[in-house]
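> 3D model of this:
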Amino acid sequence: MGFTMGLNLLLLLAMVATNILSLYHLSSTIQSKPPIPPPVPDHLLHELHTIRATINHLTRLQPTTPRAVTKKSIIPSDLLLYTHISPIASSCKDHPELLHKYMSYTPFSLCPEDSATSAEALILRGCHPLPRRRCFAATPPIPSTPLPTNPFAPLPNIPTIWHNYQCKSFSCLKTELGFDMKTEKSKFLTYKSDLDLPIQQLIQIAKSANNPLRIGLDIGGGTGTFAAQMKDQNVTVVTTTMNLGAPYNEVAALRGLVPLHAPLQQRLPVFDGVLDLVRCGHAVNRWIPVMAMEFLFYDVDRVLRGGGYFWLDHFFSKGVDLEKLYSPLIGKLGYKKVKWAVGNKNDPSGVKNGEVYLTALLQKPVSK
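Residues are numbered from 1 along each chain as shown. This is a model prediction of the structure:
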């Protein structure tokens, strides 16, 4: 019996000790601060916000009952229909009036006259890709003379729809906008300062590095003059361009070139690692938000093949920003600097704001 009592006492002590240890562990766990989770990257938060906005937008557009799609609906019926077959860019929800105007049309008939203008207004505000529509776009009349095969021939006024623009002829547009073919014919061919990179020099640089140029992309290329000059060198260049009050896309097409109606903030419509050259002209400058520019540069890297060239042509910014902001941003790419020239921007705006030009030819490493 004494043995039994001793055993029971030992078990009791063990149980009490276990409970005391459990209470101590529990109290220490409660008192200790939980580890601070690592911060979520800004780009992931932005993507999450975009996904949520898209879901909310589509949820609001989708009718809960068949009665929602009626003639009295404030949402165009074709917009409601389109949401069932394809997603709509989340930024479209921020401009419901423009979206409503763009999607208000009569199916299977001619599109409204201002379709191109309203479409570009949405694209420039980030509503891209636009919803597709079931109407017939207006086309220019058939010209009385054949279209020019020379991309620097004088532009005919007939095969252009002018009602979308303030000017009604090419002679009305300023020469520096790119519509005077006599002026355009000499561009990219001469060397006036270190900021210039003539096409023949570019071709020679590529050949010397055993990286011949075959296909390229000109971002913000206006009427396509760079593509036209490269065409004479048997190099195919596609041009992204917006109209912005003048028929840039139409003129590029009249010259026998391929215009892509794509904004700077859009992912480049090209597959990964297939281009030999990407050029950015005046459209890429300090007025673009830094984050948007960084995404653009990495998208350029995505489409360039190893050994391909990234040409920043007369990029302008404030001098202090070039040194402290844009040069480090470009340096993140890890590209070889084939050419790097900086010069003062001597027009009134450049003098007033202390702006400079940068012309840089950068080569993507083959190992990337």
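
> can we go C-alpha only for contacts and neighbour counts from here?
Noted.

> mean confidence for stretch 254-264?
Taken as a whole, stretch 254-264 has a mean pLDDT of 93.

> what sits up against that stretch?
Applying C-alpha atoms under 8 Å, 6 or more residues apart in numbering, the contact partners of stretch 254-264 are 123-124, 147-153, 155, 219-220, 224, 227-228, 237-242, 249, 252-253, 296.

> ok, now with 7 Å
Applying C-alpha atoms under 7 Å, 6 or more residues apart in numbering, the contact partners of stretch 254-264 are 123-124, 147-149, 151, 224, 238-242, 249, 252-253.

> and the end-to-end length of it?
23 Å (C-alpha to C-alpha, to the nearest Å).

> chain center to it, what's the gap?
14 Å (C-alpha atoms, centre = their mean, to the nearest Å).

> What are the buried residues along it?
254, 255, 256, 257, 258, 259, 260, 262, 263, 264 (16 or more other C-alpha atoms under 10 Å).

> give the contact list for residue 211.
residue 307.

> of the contacts of stretch 254-264, buried ones?
When the contacts of stretch 254-264 are checked against 16+ other C-alpha under 10 Å, the ones flagged as buried are 123, 124, 147, 151, 224, 238, 239, 240, 241, 242, 249, 252.

> after the one helix or strand residue 296 maps to, next one along is what?
For residue 296, the enclosing helix or strand under DSSP states H and E is helix 290-303. For helix 290-303, the succeeding helix or strand toward the C-terminus, using DSSP H and E, is strand 304-318.

> Now do that next one: which elements does it pack against?
For strand 304-318, the elements it packs on are strand 275-280, strand 355-363, judged by 3 or more C-alpha pairs under 7 Å, 6 or more residues apart in numbering; DSSP states H and E.

> Could you export these to CSV, including columns for distance to residue 342, mean pLDDT and mean neighbour count?
Formatted as CSV, those follow (distance: least, C-alpha to C-alpha, whole Å; pLDDT from 0 to 100; neighbours: other C-alpha atoms under 10 Å):
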stretch, distance to residue 342, mean pLDDT, mean neighbour count
strand 275-280, 16, 98, 24
strand 355-363, 5, 97, 23
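
> quick one on the thing from earlier: need the worst-confidence member of the buried ones among the contacts of stretch 254-264.
residue 147 (76).

> sorry, back to before: the helices and strands packed on strand 304-318: which one's closest to residue 287?
strand 355-363 (12.0 Å; C-alpha to C-alpha).

> Dump the closest one to CSV, keeping only the CA atoms.
Extracted C-alpha coordinates of strand 355-363, given in CSV (Å, rounded to 0.1, in the frame of the first residue of the first chain):
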residue,chain,number,x,y,z
GLU,A,355,17.1,70.3,-69.6
VAL,A,356,19.5,68.1,-71.5
TYR,A,357,19.4,65.5,-74.2
LEU,A,358,20.7,62.0,-73.9
THR,A,359,21.4,59.7,-76.9
ALA,A,360,22.4,56.2,-75.8
LEU,A,361,22.9,53.0,-77.8
LEU,A,362,22.8,50.1,-75.4
GLN,A,363,23.5,46.4,-76.2
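
> Neighbouring strands of it in the sheet, and parallel or not?
The pairing partners recorded for strand 355-363 under DSSP bridges are strand 304-318 (antiparallel), strand 336-344 (antiparallel).

> so can I have a markdown table of the helices and strands packed on strand 304-318 showing distance to residue 201?
Output for the helices and strands packed on strand 304-318, formatted as a markdown table (distance: least, C-alpha to C-alpha, whole Å):
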| stretch | distance to residue 201 |
| --- | --- |
| strand 275-280 | 14 |
| strand 355-363 | 11 |
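
> Tell me which of those sits nearest to residue 205.
strand 355-363 (10.1 Å).

> Please enumerate residues in contact with the closest one?
Contact with strand 355-363 is made by 195, 307-319, 335-345, 350, as judged by C-alpha under 7 Å, 6+ apart.

> returning to what we had before: okay, buried residues for the helix holding residue 296 please.
Neighbour counts over helix 290-303 (16+ other C-alpha under 10 Å) mark 293, 294, 296, 297, 299, 300, 301, 302, 303 as buried.

> got the contact list for residue 215?
Residue 215 touches 235, 236, 237, 275, 276, 277, counting by C-alpha under 7 Å, 6+ apart.

> Burial check on the closest residue to it other than its chain neighbours, number of neighbours?
Nearest residue to residue 215 in three dimensions, chain neighbours excluded: residue 236, at 4.7 Å (C-alpha to C-alpha, 6 or more residues apart in numbering). The number of residues packed around residue 236, counting by other C-alpha atoms under 10 Å, is 18.

> how close does residue 236 sit to residue 198?
Going from residue 236 to residue 198 by C-alpha to C-alpha gives 17 Å.

> Likewise for residue 352?
Taken as C-alpha to C-alpha, the span from residue 352 to residue 198 is 29 Å.

> more neighbours, the two?
Higher neighbour count among residue 352 and residue 198: residue 198, with 14 against 10, using other C-alpha under 10 Å.

> show me what contacts that one?
Applying C-alpha under 7 Å, 6+ apart, we find residue 198 in contact with 188, 189, 190, 191.

> Now, of those residues, which are buried?
Using 16+ other C-alpha under 10 Å, the buried ones in those are residue 188.

> where does the chain dip in pLDDT?
1-73, 143-145, 157-159, 368 (pLDDT under 70).

> Show the residue spans covered by the helices in it.
2-31, 42-61, 77-82, 96-103, 115-124, 181-184, 199-208, 225-231, 248-254, 290-303, 319-321, 327-331, 348-353 (DSSP state H).

> Show me what counts as buried in the last one.
Same thing as helix 348-353. In helix 348-353, counting by 16+ other C-alpha under 10 Å, buried: residue 350.
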